[in-house]
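1. How does the following fold in three dimensions:
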Amino acid sequence: MLDRKLVEKVLDEEVRPVLAAHGGNVELSDITDDNVVKVKLTGACCGCPMAQLTLLGTVESAIKSHIPEVKAVEAI
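-> Below is the predicted model of the structure:
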């Protein structure tokens, strides 16, 4: 099982500053037993037509680059 604190650290240092610059944020919802990280995009990211690209290009990319054990990142 992945360390929730490590995922939060990556989100705090790598992802949230980028999203905040555009009025958005991300919440860590869950980490499954098979290393799938589940997040919720909030603020301006919620409902944005580019949310899926943000999820893959920003959130998933940052998490996987620091924690290679992550299988996927999914929005809830």
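
2. State whether residue 42 is indeed within a strand.
-> Yes: residue state for residue 42 (DSSP: H, G, I helix; E, B strand; the rest coil) corresponds to a strand.

3. what are the bridge partners for it, then?
-> residue 25 (DSSP bridges).

4. Strands of the chain, start to end?
-> Listed in chain order, the strands of the chain (DSSP state E) span 24-31, 36-43, 72-75.

5. Could you report the neighbour count for the closest residue to residue 72 other than its chain neighbours?
-> Using CB to CB, 6 or more residues apart in numbering and skipping the chain neighbours, the partner closest in space to residue 72 is residue 36 (5.0 Å). Quick note: C-beta positions are derived from backbone N, CA and C, even for glycine. Using other CB atoms under 10 Å, the number of residues around residue 36 comes to 14.

6. circling back to that earlier point, reformat the strands of the chain as JSON lines; add mean pLDDT and distance to residue 63.
-> Putting the strands of the chain into JSON lines (pLDDT from 0 to 100; distance: least, CB to CB, whole Å) gives the following:
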{"stretch": "strand 24-31", "mean pLDDT": "97", "distance to residue 63": "10"}
{"stretch": "strand 36-43", "mean pLDDT": "97", "distance to residue 63": "6"}
{"stretch": "strand 72-75", "mean pLDDT": "96", "distance to residue 63": "6"}
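
7. would JSON lines of the ones you listed with distance to residue 4 be doable?
-> Converted to JSON lines, those look like this (distance: least, CB to CB, whole Å):
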{"stretch": "strand 24-31", "distance to residue 4": "6"}
{"stretch": "strand 36-43", "distance to residue 4": "10"}
{"stretch": "strand 72-75", "distance to residue 4": "14"}
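
8. Which among the ones you listed is found nearest to residue 57?
-> Among these, the nearest to residue 57 by CB to CB is strand 72-75 (10.9 Å).

9. Kindly format the C-alpha coordinates of that closest one as CSV.
-> The C-alpha trace of strand 72-75 is given here as CSV (Å, rounded to 0.1, in the frame of the first residue of the first chain):
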residue,chain,number,x,y,z
ALA,A,72,-3.0,5.1,-12.3
VAL,A,73,-4.7,8.3,-11.1
GLU,A,74,-8.4,8.5,-11.4
ALA,A,75,-10.9,11.3,-10.9
